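Enquirer: The following block contains a protein sequence and its predicted model.
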Amino acid sequence: MVDLSTEYMGLALRNPLVASPSPLSHTLDGIRRLAEGGVGAIVMFSLFEEQLREQAERTSRLVDEPAESFPEALDYFPSVVEEYAGPQGYLNLLERAVSAVDIPVIASLNGISPEGWTDYARAMQDAGAAAIELNIYYIPADPGISGPDVEQRHVDVFERVRAVVTVPVAVKLKPYFSSPGAIALRLDEAGADGLVLFNRFIYPDIDLQRLAVVPVVDLSSPTDARVARTWIALLRGKVRASLAATTGVEVAADVARYLLAGADVVMTTSALLRHGPEYAAELLDGLSSWMEQKGFQTVDELRGMLSAPDITDRAAYERAGYVTAMRAANAGGYAPW
Ligand SMILES: Cc1cc2nc3c(=O)[nH]c(=O)nc-3n(C[C@H](O)[C@H](O)[C@H](O)COP(=O)(O)O)c2cc1C
């Protein structure tokens with residue numbers, strides 16, 4: 001019997017599989033199903049600060065942009081039910097979720113104004129959130145905004161929230177930094193408890209019939225995991241923060257690969273949207289069977305086994321494959337992976 005129990009940002013989890021933010025947590029029933037499915041923790045969908053303003057008009061951003069706007073996600077994107085729309089609704093749902101399930105419930109926040117970040121972070125803590133994940137979903141659409149400005153914005157947001165709550169705070173990053181490792185180190189130095197790599201951004205598509213720009217949400221595939229897995233492997237052992245992997249988990253092998261690269265926890269949204277929250281049990285069974293087959297008894301035994309060694313140990317670093325693979329890709333455009 002393998003022991004899957006683990007830790008994430010100091011929270012004790014029964015296993016390293018975490019449900020990442022998605023419409024599956026829009027309702028209390030959905031949250032219960034996620035917990036019953038077996039995940040170790042749940043990160044709720046994000047409270048978007050815009051909802052504040054929109055709530056005044058008795059709408060929420062997600063209700064405003066109904067499923068029809070997201071053709072790929074049509075079946076997966078139930079709107080937030082009216083009862084839980086807007087900040088107060090979110091906090092009510094969070095509070096009920098915390099008492100309904102016996103696993104940590106992490107709240108996710110996407111603020112805009114400084115007060116939006118701090119006031120809601122504090123309210124989430126008061127509502128019982130085990131931790132807070134900052135979804136800094138920010139696209140510098142103005143070309144005048146520099147890379148260092150974007151990085152500073154991430155650090156500022158984190159520090160502002162860190163100053164007003166005592167629960168662990170994770171930052172969910174996008175991969176689009178000129179040096180993802182550098183921003184990870186800065187946030188780590190600023191005291192981030194967790195780094196969640198990487199968010200998937202929604203870029204619009206063009207509808208040729210309607211001659212219109214339309215938002216499209218598509219679900220991930222396992223090849224999408226390679227970017228996050230490489231950065232997790234490179235950061236393992238270099239940051240104090242817990243590392244959470246998000247993107248591209250479809251089967252148990254994807255979970256195992258992320259753990260070998262060095263993830264503390266592995267998050268999944270697309271697979272649970274495709275197959276239902278109960279699919280978590282299948283992922284966990286597959287992980288346990290593979291561990292048994294390989295003779296691993298605990299997650300700690302395998303975690304980071306295939307992370308990238310310190311760059312100062314040049315030979316070991318090259319042997320680990322991360323550099324070789326990248327160099328091959330640079331040289332010929334054909335990576336051996
Ligand atoms: C329909 C849908 C809704 C999502 N909503 C949120 C959200 O509210 N907050 C957030 O941080 N991420 C959100 N995400 C991103 C997921 O949490 C996850 O990070 C991303 O989909 C990559 O993981 P996956 O490959 O397992 O899907 C959403 C993703 C999808 C597909």
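Expert: Happy to help now that I have it. Just so it is clear, the model here is predicted, and its values are computed rather than measured. Numbers count the residues shown, from 1 in each chain.
Enquirer: list the contacts for Leu4?
Expert: Neighbour list for Leu4: 14-16, 40, 284, 287-288, 299 [criterion: Cβ atoms under 8 Å, 6 or more residues apart in numbering]. C-beta: built from backbone N, CA, C; applies to glycine.
Enquirer: mind redoing it with 7 Å?
Expert: Residues counted as contacts of Leu4 (Cβ atoms under 7 Å, 6 or more residues apart in numbering) are 14-16, 284, 288, 299.
Enquirer: Now, those residues that are in helices?
Expert: For these, the ones inside helices are 284, 288, 299, with DSSP state H as the criterion.
Enquirer: who wins for most neighbours among the residues you listed?
Expert: Among the ones in helices among the contacts of Leu4, the one with the most neighbours (other Cβ atoms under 10 Å) is Val299, at 23 neighbours.
Enquirer: Next, the closest residue in space to that residue that isn't next to it in sequence: phi, psi?
Expert: In space, Val299 comes closest to Thr6 once its chain neighbours are excluded; the distance is 4.9 Å by Cβ to Cβ, 6 or more residues apart in numbering. As for Thr6, its main-chain torsions (degrees, to the nearest 10) stand at phi -160, psi -170.
Enquirer: and of the contacts of Leu4, the nearest to the ligand?
Expert: Of all the contacts of Leu4, Pro16 has the smallest distance to the ligand: 14.1 Å, by Cβ to the nearest ligand atom.
Enquirer: if I look at that closest one, how far off is Trp231?
Expert: 18 Å (Cβ to Cβ, to the nearest Å).
Enquirer: Need the ones in helices among the contacts of Leu4 in a markdown table (columns: pLDDT).
Expert: Below are the ones in helices among the contacts of Leu4 laid out as a markdown table (pLDDT from 0 to 100):
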| residue | pLDDT |
| --- | --- |
| Leu284 | 98 |
| Ser288 | 98 |
| Val299 | 98 |
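Enquirer: Let me see the residues that make contact with the longest strand along the chain.
Expert: When the chain is parsed with DSSP state E, its longest strand is strand 41-48. For strand 41-48, the external contacting residues (Cβ under 7 Å, 6+ apart) are 8, 11, 13, 18-23, 25-26, 31, 34-35, 61, 87, 90, 94, 97, 103-110, 120, 133, 135.
Enquirer: Which ones, among those, also lie beside the ligand?
Expert: 20-23, 108, 135 (Cβ under 6 Å from any ligand atom).
Enquirer: By neighbour count, which of these wins?
Expert: Using other Cβ under 10 Å as the neighbour test, those are led by Ser20, with 31 neighbours.
Enquirer: and it, what are its phi and psi?
Expert: The phi/psi pair for Ser20 (degrees, to the nearest 10) is phi -80, psi 170.
Enquirer: Which positions in the helix or strand containing Arg32 come out as buried?
Expert: If you go by DSSP states H and E, Arg32 is part of helix 28-37. For helix 28-37, the neighbour count (16 or more other Cβ atoms under 10 Å) marks 28, 30-31, 33-35, 37 as buried.
Enquirer: can you give me the angle it makes with strand 41-48?
Expert: 150 degrees (axes from the mean of the first three to the mean of the last three Cα atoms, to 10 degrees).
Enquirer: Quick one: list the elements packing against helix 28-37.
Expert: strand 41-48, helix 86-100, helix 279-294 (3 or more Cβ pairs under 7 Å, 6 or more residues apart in numbering; DSSP states H and E).
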